[in-house]
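S.K.: Please find the sequence and the predicted model below.
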Amino acid sequence: MTDAKFEDGADGPLRLMAGDQEGVSVLSALLQDAVFPITEMTYSPKRRRFALLLNRFRWEDRDAAETTKRAYERVQSLLVFEDVLSVKTTGIDRKDKETVLSLLAVTFIAGADGTGRFDLVLAGDGTIALQVEVLDASLRDVSRPYIAPSGRAPTHEED
């Protein structure tokens, strides 16, 4: 009998929680270049919850796809923020229901006593700012991976 290797593990859906700055950095890296229709943003003031259903590029699978020469993948994921006190957007027209947004980064700016603000930085200078009572975010894959429609990994030009 031989020891199991990391590569032998099942490639299952992600299910992550962020409760500190390091967790936010991990979520941000996994969510870079995720896209979502503006209609997939939901804020429930009563439940104090903000959620996004987005299509994220599977950065964690990129090297394996390149090594085996198979297609890059995306997966539908649910990004949820709890204890949200308010939501403000800048640089996007929330009335234009045809808009598709691209997420570049998620940051957290700490306030007093565990409060703070999540900034969801969007391509084209848009931002979604979530004022929260506590740092509490989660990411969960909710579909099977599918071939990325563009057929390529996202790239960013350097200034």
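M.R.: Noted; the coordinates are in hand. All figures in this text were calculated on a predicted structure; none of them were measured in a lab.

S.K.: contacts, neighbours, all on C-alpha from now
M.R.: Will do.

S.K.: Report the rounded mean pLDDT for the longest helix seen in the chain.
M.R.: If you go by DSSP state H, the chain has its longest helix at helix 21-31. The pLDDT scores in helix 21-31 average 95.

S.K.: How many residues are close by Val100?
M.R.: The tally of other residues near Val100 (other C-alpha atoms under 10 Å) stands at 12.

S.K.: For it, list the residues it contacts.
M.R.: Val35, Phe36, Pro37, Ile38 (C-alpha atoms under 8 Å, 6 or more residues apart in numbering).

S.K.: Pick the one among the residues you listed closest to Ser28.
M.R.: Proximity of the contacts of Val100 to Ser28 was ranked by C-alpha to C-alpha; the top entry is Val35 with 13.2 Å.

S.K.: Nearest residue to that closest one in space, please, no chain neighbours.
M.R.: Of all residues not flanking Val35 in the chain, Ser102 sits nearest, at 4.4 Å (C-alpha to C-alpha, 6 or more residues apart in numbering).

S.K.: Stretch 57-77 spans what distance, first to last residue?
M.R.: Criterion C-alpha to C-alpha, to the nearest Å; first-to-last residue distance in stretch 57-77 is 10 Å.
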